[in-house]
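Chemist: The amino acid sequence is not available; the structure is as follows:
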């Protein structure tokens, strides 16, 4: 497994997005655990979850509990696994998404995540999405306080613009280690954020890198260039997509979701797929 850096920690160049394993999607927990264990066995050392990856408010924190239980059940050493979670999104009784960027709420959410994950310190804690009703500075100040209190090892943000990233890093005293934004062949609007992260040495974590839970299987049919390169290499379009992202910058750490072992193994293989300049230009076009 090739590695990249988040903060001062070496992690696998391909992470695992655990969202598809949450109760919201009705996946079999035993099969999901087998998938997560297969990822660990393949060398994955970065797992992404969030408190709001659940079916509704009654089930809040489901994915965090699942990740904690799956890690505890793994027979190998998991001490080198960095688990990232997020706070700031909410779910109501019907499962509708909401936002709460109040600093007091974020600190409470962090405490709840600590308990669900069964840890004394969260590896990477990320503010999930800006809340229009709360100034960015107020929300990020909660991350700063959590860092200072030793509740979290690293702080990150998600769904931030370039200006918001700069502001967050200033508030954190240069301690912002990651930005998790949407990026895929279908959504390339986060190129400015990726470029800024590369300039600042901040990890860029593309969410839904293959197009999302319902669209990932259609990547090749929707984007001919990826299918063409995949056919020429004898690999999947999804693997080409992840290799393309890795080639963009050393700060990029894709976090494709998975609920099947075959998907995990295909994603992990992307670290060994070195694309040519001509192939990258074709995919960029």
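Modeler: Right, received. Where do you want to start? The structure presented is a predicted model; accordingly, all values stated were derived computationally and were not measured.
Chemist: any idea which helix or strand carries residue 39?
Modeler: Residue 39 belongs to helix 29-41 when assigned by DSSP states H and E.
Chemist: Other residues contacting that helix?
Modeler: 16, 18, 20-21, 47, 66-67, 69-71, 73-74, 76, 78, 81, 258-261, 263-265, 268 (CB atoms under 8 Å, 6 or more residues apart in numbering). Using the backbone N, CA and C atoms, a C-beta is placed for each residue, glycine as well.
Chemist: mind checking which helix or strand residue 279 is in?
Modeler: Using DSSP H and E, residue 279 sits in helix 277-284.
Chemist: Restricted to strands, list the contacts of helix 29-41.
Modeler: The members of the contacts of helix 29-41 that map onto strands under DSSP state E are 16, 47.
Chemist: List buried members of the contacts of helix 29-41 by neighbour count.
Modeler: Among the contacts of helix 29-41, those buried by neighbour count (16 or more other CB atoms under 10 Å) are 16, 18, 20-21, 47, 66-67, 70-71, 81, 258-259, 261, 263-264, 268.
Chemist: who are the neighbours in contact with the nearest residue to residue 65 once chain neighbours are set aside?
Modeler: The shortest distance from residue 65 to any non-neighbouring residue, by CB to CB, 6 or more residues apart in numbering, is to residue 116 (5.1 Å). Neighbour list for residue 116: 51, 61, 64, 65, 68 [criterion: CB under 8 Å, 6+ apart].
Chemist: In three-state terms, label residue 126 for me.
Modeler: When classified by DSSP: H, G, I helix; E, B strand; the rest coil, residue 126 comes out as strand.
Chemist: Could you measure from it over to residue 161?
Modeler: 15 Å (CB to CB, to the nearest Å).
Chemist: in the chain, which spans are strands?
Modeler: Under the criterion DSSP E, the chain contains strands at 3-6, 9-12, 16-17, 46-48, 82-87, 89-91, 97-99, 122-127, 152-158, 176-180, 203-204.
Chemist: so of these, which one's packed in deepest?
Modeler: Neighbour counts averaged per stretch over the strands of the chain are highest for strand 16-17, at a mean of 30; criterion: mean count of other CB atoms under 10 Å.
Chemist: Quick one: list the elements packing against that strand.
Modeler: On a contact count with 3 or more CB pairs under 8 Å, 6 or more residues apart in numbering; DSSP states H and E, strand 16-17 meets strand 46-48.
Chemist: what's the strand it packs on packed up against?
Modeler: On a contact count with 3+ CB pairs under 8 Å, 6+ apart, strand 46-48 meets strand 16-17, strand 82-87.
Chemist: how big is the angle separating the last one from strand 152-158?
Modeler: Between strand 82-87 and strand 152-158, the angle comes out at 60 degrees (axes from the mean of the first three to the mean of the last three CA atoms, to 10 degrees).
Chemist: please begin residue numbering at 10 from this point
Modeler: OK, 10 is where the count begins now, so the last one is strand 91-96.
Chemist: where's the helix holding residue 48 relative to the chain centroid, distance-wise?
Modeler: Relative to the centre of its chain, helix 38-50 is centred 17 Å away, using CA atoms, centre = their mean, to the nearest Å.
Chemist: and what of stretch 260-273?
Modeler: Centre-to-centre, stretch 260-273 and its host chain are 9 Å apart (CA atoms, centre = their mean).
Chemist: same question, stretch 151-162
Modeler: 20 Å.
Chemist: Next: stretch 263-283.
Modeler: 14 Å.
Chemist: Now, the buried ones among the contacts of helix 38-50 that are in helices?
Modeler: 75, 76, 79, 80, 270, 272, 273, 277 (DSSP state H).
Chemist: Which pLDDT does the model give the nearest residue to the last one once chain neighbours are set aside?
Modeler: The spatially closest residue to residue 277, leaving aside those adjacent along the chain, is residue 51, at 4.6 Å (CB to CB, 6+ apart). Residue 51 is assigned a pLDDT of 98 by the prediction.
Chemist: residues contacting residue 51?
Modeler: 10, 273, 274, 277.
Chemist: for those, which one is nearest residue 163?
Modeler: Distance to residue 163 across the contacts of residue 51 (CB to CB) is lowest for residue 10, with 20.4 Å.
Chemist: Quick check, the closest one in contact with residue 21.
Modeler: Yes: at 5.0 Å, residue 10 counts as touching residue 21 under the criterion of CB atoms under 8 Å.
Chemist: shared neighbours of these two, anything?
Modeler: Joint contacts of residue 10 and residue 21 (CB under 8 Å, 6+ apart) are 52, 53, 54, 277, 280.
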